[in-house]
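> coords please:
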Amino acid sequence: MNQTDGKRLAAEAALKYVEEDTIIGVGTGSTVDKFIDALAEMRMKLRGAVSSSEASTQRLRKHGIDVVDLNSAGRLDLYVDGADESNRFLQLIKGGGGALTREKIVASASERFICIADESKLVDVLGEFPLPIEVIPMARSTVARELVRIGGRPELRQNFTTDNGNIILDVHGLSITEPLKLEQEINNIPGVVTNGIFALRPADLLLLGSSSGVRKVETE
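A predicted model of the protein is given here:
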């Protein structure tokens, strides 16, 4: 089974956690695209969705799903999103698509966060996938120097601007053995909007699509 099939299985498995007549949070990325398409195919009767990116907003609206502002929606029961990496504690690296800040906001506003991915995304130690960091443009160089100081190799994501008008530094060479500590340390660097470690607010359930079906991973 290829990664595409694994993503599709995980996306479809998340549907059973969606309750009708609710507003759900929806993330960003190729696996989430499959989740949005599956929602539409089921003709799920939602009151709406809070979207974490302009790309997901367009896809939701294309399927006739109403997109609601988080300020109006209030606290959400459910958020569904993908990940670039997850460890067994459901601490994640996210932001490969550049929507990490809005994703982190919607995740923090949700009672339950379900992460959907193919089985290759489960790792022992986070960091092989470069860590995305959203940075205010004027702080690019000063933030990069601090990231070098903590052992990373930051690279500017070329020809990319976030939905918030900022840049992304992708940090290579990190072995993230203490995700919670590093998330806080990087967020404290002036000029950082947020980073792609989701440890302060990890996932509650990880659905991994594989050739043997969908594996559920929950924190112990």
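> So for the most centrally placed residue in the chain, what's the nearest residue that isn't a sequence neighbour?
Nearest to the mean C-alpha position of the chain, counting by C-alpha atoms, centre = their mean, stands Lys94 at 4.5 Å. Counting by C-beta to C-beta, 6 or more residues apart in numbering, Lys94 lies nearest to Gly196, which is 5.0 Å off, once chain neighbours are set aside. (Glycine included, C-beta is placed from N, CA and C.)
> which ones are touching that neighbour?
84, 92-95, 100, 131-133 (C-beta atoms under 8 Å, 6 or more residues apart in numbering).
> With pLDDT, secondary structure and distance to Val171 as extra columns, can I get the residues you listed in CSV?
As requested, the contacts of Gly196 are arranged in CSV below (pLDDT from 0 to 100; DSSP: H, G, I helix; E, B strand; the rest coil; distance: C-beta to C-beta, whole Å):
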residue, pLDDT, secondary structure, distance to Val171
Asp84, 97, coil, 13
Leu92, 98, strand, 15
Ile93, 98, strand, 10
Lys94, 98, coil, 14
Gly95, 97, coil, 11
Leu100, 98, helix, 12
Leu131, 98, strand, 4
Pro132, 98, strand, 8
Ile133, 98, strand, 6
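> Widest-spaced pair of those?
Spatial extent of these (C-beta to C-beta) is set by the pair Leu92 and Ile133 at 14.5 Å.
> circling back: hmm, Phe198 and the residue nearest to the centre of the chain touching each other?
Yes: between Lys94 and Phe198 there is a contact under C-beta atoms under 8 Å: 5.7 Å.
> Give the residues shared as contacts by these two.
Common contacts of Lys94 and Phe198, defined by C-beta under 8 Å, 6+ apart, comprise 83, 104.
> Glu111 belongs to a helix, doesn't it?
No: counting by DSSP: H, G, I helix; E, B strand; the rest coil, Glu111 is not part of a helix but strand.
> Please determine how far the closest residue to it other than its chain neighbours is located from Lys34.
Leaving aside its sequence neighbours, Glu111 sits nearest to Asp77 (C-beta to C-beta, 6+ apart; 5.2 Å). To Lys34, Asp77 is 21 Å away according to C-beta to C-beta, to the nearest Å.
> Same check on Lys16?
Distance from Lys16 to Lys34, by C-beta to C-beta: 15 Å.
> more neighbours, those two?
Lys34 (21 against 7; other C-beta atoms under 10 Å).
> thinking the more buried one is in contact with Arg8, fair?
Yes: using C-beta under 8 Å, Lys34 is in contact with Arg8, at 5.1 Å.
> who touches both of those two?
Counting by C-beta under 8 Å, 6+ apart, no residue touches both Lys34 and Arg8.
> Now do the helix or strand where Ile186 lies: which elements does it pack against?
Using DSSP states H and E, the element containing Ile186 is helix 179-187. For helix 179-187, the contact count by 3 or more C-beta pairs under 8 Å, 6 or more residues apart in numbering; DSSP states H and E identifies strand 192-195, strand 197-198 as packing neighbours.
> Determine which stretch of those strands is the most buried.
strand 197-198 (a mean of 30; mean count of other C-beta atoms under 10 Å).
> What's the mean pLDDT across that one?
Mean per-residue pLDDT for strand 197-198: 98.
> Can you list the strands that the following helix or strand past it pairs with?
Once the chain leaves strand 197-198, the next helix or strand it forms, by DSSP H and E, is strand 205-210. If you go by DSSP bridges, strand 205-210 pairs up with strand 110-118 (parallel), strand 213-218 (antiparallel).
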